[in-house]
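1. 3D, please:
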Amino acid sequence: MHSNRKNYNHDRIQQTMLIILCNTLRDEIYDPVVKLATFTDLKLTNDYSEARVLVDTYDRKNIDQVVEALTKAKGVFKTALANQLEIRKIPELIFEKDVSIDQSLEIEKLIHEIHEKK
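-> Numbering: from 1, shown residues only. Purely as a prediction, here's the structure:
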């Protein structure tokens, strides 16, 4: 029972962090490069030391530039988390390109090629 409660709290904190980050991006960030970002997921380590934030953009060719700009602006995001979360230590934010979309496109391309060969 205690394990389920712990997982629930962990999941709830992950979801809350993602909402706070999205709201901060919308309301407190003015850098046009950072504004191109969309947060697709957040993975919080079990010890709450790191949060990996998966990032995507509408214009995929700018993704590396956007991730770099987000990393430079992470202080704004950490401040928002500190002000709105009730946890002892704010996790280190690590912004990463969401590769799941690229992988899906590659799989779709391979399937299409297989069907064309038939």
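
2. what mean pLDDT does stretch 10-17 have?
-> For stretch 10-17, the per-residue pLDDT values average out at 94.

3. give me the residues contacting that stretch.
-> With C-beta atoms under 8 Å, 6 or more residues apart in numbering as the test, stretch 10-17 has contacts from 42-44, 46, 48, 51, 81, 84-85, 87, 91. No exception for glycine: its C-beta is placed from N, CA and C like everyone else's.

4. top of these by neighbour count?
-> With neighbours set by other C-beta atoms under 10 Å, the maximum within the contacts of stretch 10-17 is found at A51, which has 23 neighbours.

5. name the nearest residue to it, ignoring sequence neighbours.
-> P91 (4.2 Å; C-beta to C-beta, 6 or more residues apart in numbering).

6. then I94?
-> R52 (4.9 Å).

7. can you show me the CA trace of the helix or strand where the one you found lies as CSV?
-> In the assignment (DSSP states H and E), R52 maps to strand 50-57. The C-alpha atoms that make up strand 50-57 are tabulated as CSV, following Å, rounded to 0.1, in the frame of the first residue of the first chain:
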residue,chain,number,x,y,z
GLU,A,50,16.7,15.3,-11.9
ALA,A,51,13.8,16.1,-14.2
ARG,A,52,14.2,15.3,-17.8
VAL,A,53,12.0,17.5,-19.9
LEU,A,54,11.3,16.3,-23.4
VAL,A,55,11.0,19.1,-25.9
ASP,A,56,9.6,19.4,-29.4
THR,A,57,9.0,22.2,-31.8
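
8. neighbouring strands for that strand, and are they parallel or not?
-> Sheet pairing here is set by DSSP bridges, and for strand 50-57 it gives strand 37-44 (antiparallel), strand 92-97 (parallel).

9. buried ones in the shortest one?
-> Within strand 92-97, the residues that qualify as buried by neighbour count (16 or more other C-beta atoms under 10 Å) are 93, 95, 97.

10. how about stretch 7-26?
-> 13-14, 16-18, 20-21, 24-25.

11. now these as a markdown table including secondary structure?
-> Below are these laid out as a markdown table (DSSP: H, G, I helix; E, B strand; the rest coil):
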| residue | secondary structure |
| --- | --- |
| I13 | helix |
| Q14 | helix |
| T16 | helix |
| M17 | helix |
| L18 | helix |
| I20 | helix |
| L21 | helix |
| T24 | helix |
| L25 | helix |
